[in-house]
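Q: can you look at this prediction? I've put the sequence above it.
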Amino acid sequence: MTATGTGGRLRHGPGVARFAADVGPEGPVAVAGARTRWHSGGEPVREPRLVTAPVGIVEYKPDEMTIRIAVGTTVAELDAALAEHGQRSALPDRGGTVGGAVVVGENDRDVLSRGAVRNAVLQVSYVSSEGKVVSGGGPTVKNVSGFDIPRLTVGSLGTLGCLAEVILRTNPIPAVSRWFETRADPFALFDALLAPAALLWDGVTTWIHLEGHGPDVEAELVRASALGATAEVESPPQMPGPHRWSLPPAQLRGVGDLIDGRWLASIGVGTVLATAPQPGRELSASVTAVHDRMKQYFDPTGRLNPGRDPGRR
Amino acid sequence: MSMLEKARRRLGDRGARAEPATDDDRLLSELRLALAPDRVRFDGAERSLHAKDASVFRGGVAGPSCFPVNTEEVQAIMRIAAAHGRGVVPRGAGTGLAGGAIPLGAPIVVALTKMNRILSVDTDSRVAWVEPGVINLDLTRHLTPMGFHFAPDPSSQQVCTIGGNLANNAGGPHCLAYGVTNAHIMAMEVVLADGDVAMLGGLDPEPAGLDLRGVFVGSEGTLGIATKIAVRITKNRPAVRTLLLSFDSVSDAANTVSGIIAAGIVPAALEVMDHRITVAVENYVGAGYPRDAAAVLLAEVDGLDDGVGIDADRIAEIGRQHGATDVRTANDDNERALLWKGRKTAFGAIAQIAPDYYLHDTVVPRSELANVLEKVYAIADNYDLKVMNVFHAGDGNLHPLLLFDSREPGVLERVHAAGKEIVEASLDAGGVLSGEHGIGVEKQAYMDRLFSDDDLDHQDRLRRAFDPGCRANPGKVIPMGHSCADIQALRRVPTGVWG
């Protein structure tokens, strides 16, 4: 695929035009990626026509730490391309596509070091309800030109537009990555460590993921060990599932009373993976009113990914 | 003709001076009843002050100025404004440089400076709840004893407010590693244009629903007014090292910056100043900046001791490879603070050279920095203007300062023409219109260069989802003609109040 992005407005290659033709201006459509989060926000209804997003890396600029990529590409392919230049992105690899990862908006386990998905998407291009290609954001790492369409896309479940291409911010892969296990108090650990990549707690054991320059990881390890015996382990713990909770980090102190069954809490973040589902999170009436208008203005006929509701994500 | 002047003419602002219409009297008495008589002002001094912000643009026309002290009062103002069909423009410290707080169509000005309490700090969730009128640096000072700070640090941080930072998605030198304001806002209570109160975002990592908090940040007051803000607080780094690299050319400094990023290092800050501004700063603060360098690069790395040392050494090496003539490391906190004082007060130091300046704000890919800077100098030469460059080089965020004396006839036309060419050169290099100052009225006319009609139409849809009548800060960001509702909101104002 060829495309250029220099000088003012974004220009797209033939893959995006084909996708726009596939989506068209009429009839219910749903975008199928790898279907790893097919049930997120509700099942498809109205028997939508299935379409697939374009694939391929459009332009990777390692020196700028940005990559422009068609969103049907898998996260694994993205990771492989970035790794060749010692880089990675905020998107989690759960077997899915770049587009799926963006519109679902779940963060990576190591969000403390990789950053949140909502902060990684610099520019988006999508096919609108009218079948037109629309773009928002910009190619640079810093940009406040106009309204933040990219952030509107993250977590939208494709209900406002069918995502075609994104520009993502990338970041360097740290020199060293090591996992440790301890019985020390996870909240004291979070206070003591400067910048852990992850602190995962199951109520008894805490797994610490340390990344960075080798000597820094050693220094962090010394701080952790001062709070309790610490042993290096090969890999992170088994993640319980299939459910994902999102809690204020301060609530994690009482997480054992909140969740039945097995769970694993990300200290300082607030994500909890659990065997039990999180009770429904109701949106307030005023937020629902804005949501409803947003859907009405972006997709008046309700044809884009019908059945999906970002409020039930 | 300035952007604002053009907008005004399109909207038929005849600049007529007239006594407030009867509707204004009713409006004033309703506002005074809802707030308190002394917190609703409509005198000449207040209107004149609130007609402008820190930009070079001639002021707009302010309606009554209100100073609410809580959410309920902001809600009351919004409802009264809705009942009278009036626009509302929120205002913090008025330090904006794109004209975002300039009132168009005699809107009610909502000055949030009296809502300035830090409500709570929770170190478990790494969050502080603040009111919008809290001054940026006051928050960091409050957090210092707890070992935390608020990462966005615009140069105006001694006076600008968190609410203004939110509205503009403000940046600052240390946003290179930590991200701009949007990455540091977790939740907020907002009053929408119809007076409804909504809580956007959440303290949890992945709140349900669309990221309405994300789109509200940086919306320049056009989606509503934030009344309580949950900001992420950042742990202070135990080790910090600040390097000062000198160069014989601005290009060498710019190429060093792209070399550092290309090497996979993301320092806390990478700031470049050219010769002219460095001398002005040194005259002012005496921080030890070299007076003979064509450009200096201020590079800061923070984290843990060893890693900081490793990164600092690599930065010094990359600098030397790109022709650095001197590499100095600040010896202690005092020296470091003095270097930063110089950088952050650079705009004040300009008074030694010219009475006025126009500060631009564009972003280009980092690899294009040297190329675009050359063009910036050539453009200024062409228009017989002095230009200085002091900028957030690490994220490609240029800040060319065009210096002038506004008493000189015709100079403003040259300044605006040169500014236009600088914006064009940035876009041609694959850049964007603004990195941290916003669009306001300043860059509306350029939005067409970056976005198609369909792109702008979708931005307008986003805006109307929050504010269908476009009464929150009308006439901003989206160019006229792409936002019919804006024109209606502005035209609804009786002629008499255009005063």
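A: The structure has been received and is ready for your questions.
Q: all helices of the stretch 251-400 of chain B, in order?
A: Using DSSP state H, counting those that start in this stretch, the helices of the stretch 251-400 of chain B run over residues B:275-285, B:305-321, B:333-344, B:346-349, B:369-382.
Q: now do the third one, average pLDDT.
A: When you say that, I think you mean helix B:333-344. In this model, helix B:333-344 has a mean pLDDT of 91.
Q: next, the angle from it to helix B:275-285.
A: 130 degrees (axes from the mean of the first three to the mean of the last three CA atoms, to 10 degrees).
Q: can you show me the helices along chain A?
A: Remark: helices assigned in chain A by DSSP state H are A:14-23, A:75-83, A:98-104, A:111-114, A:149-153, A:186-192, A:214-225, A:255-258, A:285-298.
Q: need those helices in TSV with mean pLDDT, can you?
A: Putting the helices of chain A into TSV (pLDDT from 0 to 100) gives the following:
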stretch	mean pLDDT
helix A:14-23	96
helix A:75-83	98
helix A:98-104	98
helix A:111-114	97
helix A:149-153	98
helix A:186-192	97
helix A:214-225	97
helix A:255-258	95
helix A:285-298	97
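Q: between those helices, which gets nearest to B:Leu402?
A: helix A:149-153 (31.1 Å; CB to CB). Backbone N, C-alpha and C define where each C-beta goes, glycine included.
Q: for that closest one, the distance to its chain's centre please.
A: In terms of CA atoms, centre = their mean, to the nearest Å, the centre of helix A:149-153 is found 13 Å from the chain centre.
Q: could you do stretch A:297-305 as well?
A: Using CA atoms, centre = their mean, the offset of stretch A:297-305 from its chain centre is 23 Å.
Q: re the thing from before, could you say which of the helices of chain A is packed most deeply?
A: helix A:98-104 (a mean of 29; mean count of other CB atoms under 10 Å in any protein chain shown).
Q: so which elements touch that helix?
A: Contacts defined by 3 or more CB pairs under 8 Å, 6 or more residues apart in numbering or on different chains; DSSP states H and E place helix A:98-104 against helix A:75-83, strand A:162-169.
Q: nearest approach to chain B belongs to which of these?
A: Nearest to chain B among those is strand A:162-169; the distance by CB to the nearest CB comes to 9.5 Å.
Q: nearest the geometric middle of chain B, what residue?
A: B:His437 (3.4 Å; CA atoms, centre = their mean).
Q: isn't that one up against B:Ala101?
A: No. B:His437 is beyond contact range of B:Ala101, at 11.9 Å (criterion: CB atoms under 8 Å).
Q: residue contacts, residue 103?
A: Just so you know, I chose chain A. Counting by CB atoms under 8 Å, 6 or more residues apart in numbering or on different chains, A:Val103 makes contact with A:Thr153, A:Val154, A:Gly155, A:Ser156, A:Leu157, A:Gly158, A:Leu163.
Q: nope, chain B
A: Contacts of B:Pro103 (CB under 8 Å, 6+ apart): B:His50, B:Ala51, B:Gly60, B:Val61, B:Ala62, B:Gly63, B:Gly87, B:Val89, B:Val109.
Q: give me the buried entries from the residues you listed.
A: Among the contacts of B:Pro103, those buried by neighbour count (16 or more other CB atoms under 10 Å in any protein chain shown) are B:His50, B:Ala51, B:Gly60, B:Val61, B:Ala62, B:Gly63, B:Gly87, B:Val89, B:Val109.
Q: looking at chain B, which helix or strand does the model trust least?
A: None of the helices or strands of chain B scores lower by mean pLDDT, DSSP states H and E than helix B:3-10, at a mean of 51.
Q: wait, B:Asp457 sits on B:Gly481?
A: No. B:Asp457 is beyond contact range of B:Gly481, at 11.0 Å (criterion: CB under 8 Å).
Q: for those two, indicate the residue with more neighbours.
A: Legend: neighbour count by other CB atoms under 10 Å in any protein chain shown for B:Asp457 and B:Gly481, higher for B:Asp457 (18 against 13).
Q: do the helix or strand that contains the more buried one and chain A come into contact?
A: Secondary structure from DSSP states H and E places B:Asp457 in helix B:453-466. Yes. Applying CB under 8 Å from any CB of the partner chain, one finds helix B:453-466 touching chain A at B:Asp454, B:Asp455, B:Leu456, B:Asp457, B:His458, B:Gln459, B:Arg461, B:Leu462, B:Arg463, B:Arg464, B:Ala465, B:Phe466.
Q: identify the residues contacting the fifth one.
A: Contacts were defined as CB under 8 Å, 6+ apart; by that measure B:His458 touches A:Ser128, A:Val134, A:Gly136, A:Ile149, A:Gly161, A:Phe298.
Q: ditto for the last one
A: By CB under 8 Å, 6+ apart, B:Phe466 lies in contact with A:Val290, A:Arg293, B:Leu192, B:Ala193, B:Leu212, B:Phe216, B:Ser219, B:Thr222, B:Leu223, B:Gly224, B:Ala472.
Q: tell me the one of the residues you listed nearest B:Val279?
A: Looking across those and measuring by CB to CB, the closest to B:Val279 is B:Ser219, at 39.0 Å.
Q: can you count the residues close to the closest residue to that closest one other than its chain neighbours?
A: In space, B:Ser219 comes closest to A:Phe147 once its chain neighbours are excluded; the distance is 6.3 Å by CB to CB, 6 or more residues apart in numbering or on different chains. Using other CB under 10 Å, A:Phe147 has 29 other residues around it.
Q: A:Phe147 touches B:Gly214, doesn't it?
A: No. Look at A:Phe147 against B:Gly214 with CB under 8 Å: they stay out of range, at 10.4 Å.
Q: for the stretch 1-150 of chain B, which segments count as helices?
A: B:3-10, B:22-34, B:44-49, B:71-84, B:136-143.
Q: nearest to chain A, of those?
A: Counting by CB to the nearest CB, chain A lies closest to helix B:71-84 out of the helices of the stretch 1-150 of chain B; the figure is 11.3 Å.
Q: which residues touch that closest one?
A: B:23, B:26-27, B:30-31, B:34-35, B:66, B:68, B:87-88, B:107-108, B:110, B:189, B:191-195, B:197, B:224-225, B:227-228, B:469, B:471.
Q: give me the angle between that helix and helix B:22-34.
A: 160 degrees.
Q: how is the chain divided into domains?
A: Let's take chain A. Per automatic domain parsing, the domain ranges recorded for chain A read A:14-172, A:176-274.
Q: try chain B instead
A: According to automatic domain parsing, the domains of chain B span B:3-112+B:468-498, B:118-235, B:239-348, B:354-428.
Q: pick the most buried one from these.
A: Scoring the domains of chain B by mean neighbour count under mean count of other CB under 10 Å gives domain B:118-235 as the most buried, with a mean of 23.
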